[in-house]
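Trainee: Sharing a model that was predicted from the sequence below.
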Amino acid sequence: MPEDCKDGIAPVLDGGSLNFDTKQEYSSSLYVTSKGGTIDNKGENIILKGTIQSIANTSENPSPLSFEGIGLTSLQGNNSYLNPTTVKEGVLEVTNVNGLGSAKAGTRVEKGAVLRISVSGKPTSQGSTSNDAEINEKITLTGGELDLNGNYINLRKGVVLEGKGTNSTIRVKKGSTEVFARSTISGDGGLIKDGEGFLRLGGGKPQTYEGETIIEAGELRFAETTSTPETTDVTVTEGATLRLMGGPGTAGGLNTVRSIEGEGRILLNTDKAHLSVNVSSSEKIISLRVSFLAGLEPIPWKERSSRMAREV
């Protein structure tokens, strides 16, 4: 047993709750057993500077470490706990790429809650990912929000959008243009892209989430290594952008959606870029602005219909 546990200095969560009733910074380590537990900020802003580690955790399926309270809990340590992480309410912020503990356990963000990742990597030569801030665990959103509050971030293990008819949000802050999900976004839920930054999807195979795609702000980019889900209904709001890189002959294949509407714009970024819309009429696409190479003025849909595959 660690010395600070023996001395009673560091708290041990063994299925119970650790409550913070006042705004504070806490520098000591915390320990959690396989029974998990709850850290409740009670509506305050809490900074946990120490590490959160597992103790006497021999279970293959440990109970979650849950975060409650409508305030903000900021994890700043290099954490190694083995439990799954559940964000039930409020904001859980991590400022370390290992802030969520073991990459195998996964993190779940429930409706109304926010997971904020405040880390950044560094620029590298084009195509290199060596200096990315890699998030090495799968994140499940069940109506919650993933706030990517940095740049050069890579969601390496992907995101699951859980809940048929439920939309979850991925937010990218203004000025962040190098935020990646080089893996699959899956699940039966829908995606809201918010924030003025860019979210780039890749991964070497099509995205598979089943719900709708709503681009509220900024840019959602599908690289040529991936493609849109065929079952998705897309809305691009005014001022927002959907950028498509792939098409016939690229690794991601054809971009096909069930319908598309809105007053935003679509950029078909290369001469290979392709979009196929499975709609029975043009009503849902009439207001979209379409460009075919970066830097061109938006071109009306009807003038470019020969360049876009449209199935009616």
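Mentor: In hand now; what should we look at?

Trainee: so how far does stretch 54-74 reach from one end to the other?
Mentor: By C-alpha to C-alpha, to the nearest Å, the extent of stretch 54-74 from end to end equals 19 Å.

Trainee: And for stretch 14-33?
Mentor: Using C-alpha to C-alpha, the end-to-end distance of stretch 14-33 comes to 5 Å.

Trainee: For it, list every residue counted as buried.
Mentor: Within stretch 14-33, the residues that count as buried by 16 or more other C-beta atoms under 10 Å are 18, 20, 29-33. In short, each C-beta sits where N, CA and C put it, glycine included.

Trainee: Which one of those is nearest to Gly197?
Mentor: Nearest to Gly197 among the buried residues of stretch 14-33, counting by C-beta to C-beta, is Phe20 at 31.2 Å.

Trainee: Double-check that closest one against Gly43; I have them as touching.
Mentor: No: Phe20 lies out of contact with Gly43 (C-beta atoms under 8 Å); the separation is 9.5 Å.

Trainee: Mutual contacts of the two, please.
Mentor: Shared contacts of Phe20 and Gly43 (C-beta atoms under 8 Å, 6 or more residues apart in numbering): Gly69.

Trainee: got the buried residues of stretch 14-33 as TSV, with secondary structure and pLDDT columns?
Mentor: TSV is the format used below for the buried residues of stretch 14-33 (DSSP: H, G, I helix; E, B strand; the rest coil; pLDDT from 0 to 100):
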residue	secondary structure	pLDDT
Leu18	strand	95
Phe20	coil	91
Ser29	coil	93
Leu30	strand	95
Tyr31	strand	95
Val32	strand	95
Thr33	coil	95
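
Trainee: among the residues you listed, which two are most distant?
Mentor: The largest distance within the buried residues of stretch 14-33, taken as C-beta to C-beta, falls between Phe20 and Thr33 and amounts to 20.0 Å.

Trainee: Please state the offset of stretch 130-148 from the chain centre?
Mentor: Here stretch 130-148 is found 5 Å from its chain centre; the criterion is C-alpha atoms, centre = their mean, to the nearest Å.

Trainee: which residues sit in contact with the residue lying closest to Met245 once chain neighbours are set aside?
Mentor: The spatially closest residue to Met245, leaving aside those adjacent along the chain, is Glu224, at 4.2 Å (C-beta to C-beta, 6 or more residues apart in numbering). Contact analysis of Glu224 by C-beta under 8 Å, 6+ apart lists 245-247, 250-252, 270, 272-273.
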